[in-house]
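[1] Pasting the sequence and the predicted model now:
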Amino acid sequence: MYSVLKILSENTSKDFLDEIGNQMNSLVADVYEGIRPKGDGFACKISKSDLWFEQVKEMSEFLTIFKNQIRTLKTNGYEVSIDLAIDPDEFKSQNYGLFLFHNSAFLQLLANTGVEYEMSIYKGENW
């Protein structure tokens, strides 16, 4: 399981994104690693924890730390989303299923920052 913040737009400005990325790096070292190869934005790693409560904690901290940069991106027309990726191995380790819970404080934080939320669930060989 891992999560990233994705910033995308059809009309990107490399200088603008580099400026935002450098602001982010001044708050947390090496969070911004440059523009995506497609040139349509960038992504930042949030968490690689296998523990759900740590994922949610780190996503919340990330949104709080970078709320001003996120607001600037949204104001300038960029799509900003958190993508939580769930690999087939996460399902193998569960006896009954994989249950993911978000409390209202986290959902309110998403709403307040205007960040979209998606889950990418990747298929295993036996699906």
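    Yep, that arrived.
[2] Name the next helix or strand downstream of the helix or strand hosting residue 107, please.
    For residue 107, the element it lies in under DSSP states H and E is helix 104-113. Toward the C-terminus, helix 104-113 is succeeded by strand 116-121 as the next helix or strand (DSSP H and E).
[3] I'd like to know the average pLDDT value across that following strand.
    Average pLDDT, strand 116-121: 90.
[4] Which elements pack onto that strand?
    Secondary-structure packing of strand 116-121 (3 or more Cβ pairs under 8 Å, 6 or more residues apart in numbering; DSSP states H and E): strand 79-86. Bear in mind the C-beta positions are built from the backbone N, C-alpha and C, glycine included.
[5] Report all helices and strands that the strand it packs on contacts.
    Contacts defined by 3+ Cβ pairs under 8 Å, 6+ apart place strand 79-86 against strand 2-8, strand 41-47, helix 52-65, helix 67-75, strand 116-121.
[6] element containing the nearest residue to residue 52 once chain neighbours are set aside, please.
    Leaving aside its chain neighbours, residue 52 sits nearest to residue 100 (6.2 Å; criterion: Cβ to Cβ, 6 or more residues apart in numbering). Under the criterion DSSP H and E, no helix or strand holds residue 100.
[7] neighbours around residue 100, how many?
    Look at residue 100: counted by other Cβ atoms under 10 Å, it has 12 neighbours.
[8] Equivalent analysis for residue 1, please.
    If you count neighbours by other Cβ under 10 Å, residue 1 ends up with 19.
[9] which residues of this structure score low on pLDDT?
    When residues are selected by pLDDT under 70, those of the chain lie in 90-99, 124, 126-127.
[10] mind putting the helices and strands packed on strand 79-86 in a markdown table, distance to residue 88 included?
    Shown next, in a markdown table, are the helices and strands packed on strand 79-86 (distance: least, Cβ to Cβ, whole Å):
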| stretch | distance to residue 88 |
| --- | --- |
| strand 2-8 | 14 |
| strand 41-47 | 19 |
| helix 52-65 | 17 |
| helix 67-75 | 31 |
| strand 116-121 | 9 |
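[11] Many thanks, I have nothing further to ask.
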